[in-house]
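# Give me a 3D structure for the following:
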Amino acid sequence: MSNKIETPVPFDVDAIRADFPILSQEVYGKKLVYLDNGASAQKPRQVIDNISETYEIRYANVHRGVHYMSQTATDAMEAAREKVRAFINAGSEREVIYVRGATEGINLVAASWGRANLSAGDEIILSEMEHHSNIVPWQLIAQQTGAVIKVIPITDAGELEMEVFKGLLSDKTKMVAITHVSNALGTVVPLADIISMSHAAGALVLVDGCQAVPHLAIDMQALDADFYVFSGHKLYGPSGIGVLYGKEALLDAMPPYQGGGEMIDTVTFEGSTWADLPFKFEAGTPNIADAIGLGAAVDYVSAIGFEAIGAHENALLAYATEKLRAINSIRIIGEAPEKAAILSFLMDGVHPHDIGTILDREGVAVRTGHHCAQPVMDRYDVAATVRASFAMYNTFEEVDALAASLSKVQEIFS
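Next up is the predicted model:
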């Protein structure tokens with residue numbers, strides 16, 4: 001067995017695991033090894049209790065009531081917005097929009113900003129490694145406006161072809177929509193360079209940060225992205241809640257995405273006027289309890305700190321990569337030098353779904369399929385991969401369990 005790569009900063013993974021009730025259970029008589037964090041992370045008791053407490057002691061509709069319960073719920077929800085603002089270092093709470101998830105955030109920008117600013121012949125640049133949620137909304141708005149989509153290719157290692165990107169940029173480029181971390185490959189893209197080059201060409205940048213926020217410290221002031229989206233459920237928070245960050249001047253100029261209650265200032269049959277940011281983009285009764293729960297998730301992750309989280313996850317990734325490379329039938333897909341804790345791979349002669357099914361019976365949960373990134377699969381000429389995605393609560397022993405289970409797969413199909 002290889003020597004485990006030590007986490008170089010203080011990190012008590014056992015104490016963290018104790019906060020996640022779901023991790024203590026067994027599956028098919030085997031200890032659960034949960035390695036599907038790229039799809040959705042598990043929730044600590046602090047988040048679960050926070051959501052329960054909201055419904056038990058502080059629930060009411062927000063922003064509209066003068067009574068105590070409404071004011072209490074409103075205060076908690078807006079306190080969570082401030083936590084998110086500080087977490088990503090946005091300039092103002094007005095720049096933090098609650099949405100159902102990153103998918104809705106991208107659709108909001110594509111529809112609202114896109115309809116107002118795109119016309120025939122304008123260009124939108126995407127990359128070959130995008131999640132479907134950062135492809136389809138732009139295709140829809142391109143069909144409506146006559147805009148054209150250009151695509152940055154990726155190398156065999158899973159890195160962006162930056163020279164090609166440079167050549168794609170022109171005065172026709174209006175938007176560059178790019179992932180921060182590939183969900184299918186784990187590649188961390190050179191975001192600072194992409195944003196700087198895009199702005200120099202006069203283009204805006206939207207970043208899909210879903211796979212970045214659980215692993216990396218995000219600073220919107222330093223990053224200078226125009227829009228940034230992420231989902232709560234990947235950040236150890238609730239599902240059904242996410243965040244769209246947008247620069248205030250851009251959001252202020254954009255028309256509403258949905259109409260209804262909460263997003264209005266005045267309504268008559270002759271016309272309506274809109275509420276100030278961020279409420280202009282938050283029509284209807286919001287996801288109150290889960291917004292407050294997202295604040296609790298931010299608190300939880302912030303207390304541990306990304307230096308410790310990153311060191312532990314990087315050590316896990318290095319150890320897992322070494323263990324899988326030792327299995328001679330395994331081919332890792334995507335080996336960029338800068339990666340988050342995601343491993344996608346194939347095994348010679350075995351379909352990914354068969355691998356996933358056998359691993360499941362060993363108690364090991366991984367994701368198989370195209371990972372909502374079919375262009376990535378097309379790039380590597382494969383139909384699907386197996387993806388093991390790690391979180392701060394995963395252990396070296398769980399990596400050993402993954403490797404042992406894969407060896408069983410190899411034995412069965414040999």
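
# low-confidence ranges in the stretch 1-150 of the chain?
Scanning the stretch 1-150 of the chain for pLDDT under 70 picks out the ranges 1-9.

# mind redoing it with 50?
1-2 (pLDDT under 50).

# can you map out the strands along it?
With strands called from DSSP state E, counting those that start in this stretch, the stretch 1-150 of the chain shows them at 26-27, 30-31, 33-34, 96-99, 123-127, 148-152.

# Can you say which of those strands is packed in most?
Most buried of the strands of the stretch 1-150 of the chain, by mean neighbour count (mean count of other Cβ atoms under 10 Å): strand 96-99, with a mean of 25. No exception for glycine: its C-beta is placed from N, CA and C like everyone else's.

# before we move on, back to that, out of the strands of the stretch 1-150 of the chain, which is closest to residue 189?
strand 123-127 (7.5 Å; Cβ to Cβ).

# can you give me the angle that closest one makes with strand 148-152?
30 degrees (axes from the mean of the first three to the mean of the last three Cα atoms, to 10 degrees).

# hmm, who's touching strand 123-127?
118, 134-135, 138, 141-142, 147-152, 154, 160, 165, 168-170, 172-179, 189, 198, 203 (Cβ atoms under 8 Å, 6 or more residues apart in numbering).

# Report the separation between residue 209 and residue 42.
20 Å (Cβ to Cβ, to the nearest Å).

# that older thread, can the strands of the stretch 1-150 of the chain go into TSV with extra columns for distance to residue 59?
Formatted as TSV, these follow (distance: least, Cβ to Cβ, whole Å):
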stretch	distance to residue 59
strand 26-27	34
strand 30-31	36
strand 33-34	30
strand 96-99	16
strand 123-127	40
strand 148-152	43
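
# closest one to residue 338 among those?
Across these, residue 338 has its closest neighbour in strand 123-127 (14.8 Å, Cβ to Cβ).

# Quick check: neighbours of that closest one in the sheet, parallel or antiparallel?
Counting by DSSP bridges, the strands paired with strand 123-127 are strand 148-152 (parallel), strand 173-179 (parallel).

# residues in contact with residue 51?
238, 289-290, 292-293, 296.

# Same check on residue 264?
Neighbours of residue 264 in contact, by Cβ under 8 Å, 6+ apart: 272-275.

# So residue 209 and residue 42 - more neighbours on which side?
Between residue 209 and residue 42, counting by other Cβ atoms under 10 Å, residue 209 is the more crowded of the two (29 against 20).

# Go ahead and confirm the more buried one touches residue 105.
No. Using Cβ atoms under 8 Å, residue 209 is not in contact with residue 105, being 9.6 Å away.

# Check the contact lists of those two and give me the overlap.
229-230.

# about what we covered before: looking at the contacts of residue 51, which are in helices?
289-290, 292-293, 296 (DSSP state H).

# hang on, the earlier thing: kindly present the strands paired with strand 123-127 as CSV, with separate columns for distance to residue 333.
Converted to CSV, the strands paired with strand 123-127 look like this (distance: least, Cβ to Cβ, whole Å):
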stretch, distance to residue 333
strand 148-152, 18
strand 173-179, 16
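
# Indicate which one of these is closest to residue 64.
The minimum distance between residue 64 and the strands paired with strand 123-127 falls on strand 173-179, with 34.7 Å, by Cβ to Cβ.

# Centre of the chain to the closest one, how far?
17 Å (Cα atoms, centre = their mean, to the nearest Å).

# Quick check: what element follows it along the chain?
Next along the chain after strand 173-179, taking DSSP states H and E as the criterion, comes helix 191-200.

# Output that following helix as CSV, restricted to C-alpha atoms.
Extracted C-alpha coordinates of helix 191-200, given in CSV (Å, rounded to 0.1, in the frame of the first residue of the first chain):
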residue,chain,number,x,y,z
LEU,A,191,-10.2,32.5,-14.3
ALA,A,192,-8.2,35.6,-13.6
ASP,A,193,-6.7,35.5,-17.1
ILE,A,194,-10.1,34.8,-18.7
ILE,A,195,-11.8,37.7,-17.0
SER,A,196,-8.9,40.1,-17.7
MET,A,197,-8.8,39.1,-21.4
SER,A,198,-12.6,39.2,-21.8
HIS,A,199,-12.8,42.7,-20.2
ALA,A,200,-10.0,44.0,-22.4
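
# I would like the residues contacting the next helix or strand after that helix, please.
Going down the chain from helix 191-200, the next helix or strand is strand 204-208, by DSSP H and E. Strand 204-208 is contacted by residues 102, 106, 109, 113, 130-131, 133-134, 174-180, 191, 194-195, 198-199, 223, 225-230, 250 when judged by Cβ under 8 Å, 6+ apart.

# Give the buried residues for the helix or strand following strand 204-208.
Moving toward the C-terminus from strand 204-208, the next helix or strand (DSSP H and E) is helix 220-223. Neighbour-count burial for helix 220-223, counted by 16 or more other Cβ atoms under 10 Å, picks out 220, 223.

# Check which helices and strands helix 220-223 is in contact with.
Here helix 220-223 touches helix 191-200, going by 3 or more Cβ pairs under 8 Å, 6 or more residues apart in numbering; DSSP states H and E.

# one more time with 10 Å
helix 68-88, helix 191-200, strand 204-208, strand 242-246 (3 or more Cβ pairs under 10 Å, 6 or more residues apart in numbering; DSSP states H and E).

# can I get those in CSV with distance to residue 219?
Listed next are the helices and strands packed on helix 220-223 as CSV, based on distance: least, Cβ to Cβ, whole Å:
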stretch, distance to residue 219
helix 68-88, 7
helix 191-200, 11
strand 204-208, 12
strand 242-246, 11
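
# Can you say which of those is packed in most?
Burial of the helices and strands packed on helix 220-223 is given as mean neighbour count (mean count of other Cβ under 10 Å); strand 242-246 ranks first at a mean of 28.

# Give me the helices and strands touching the next helix or strand after it, please.
Per DSSP H and E, the first helix or strand lying C-terminal to strand 242-246 is helix 248-253. Contact analysis of helix 248-253 by 3+ Cβ pairs under 10 Å, 6+ apart lists helix 114-117, strand 242-246 as its packing neighbours.
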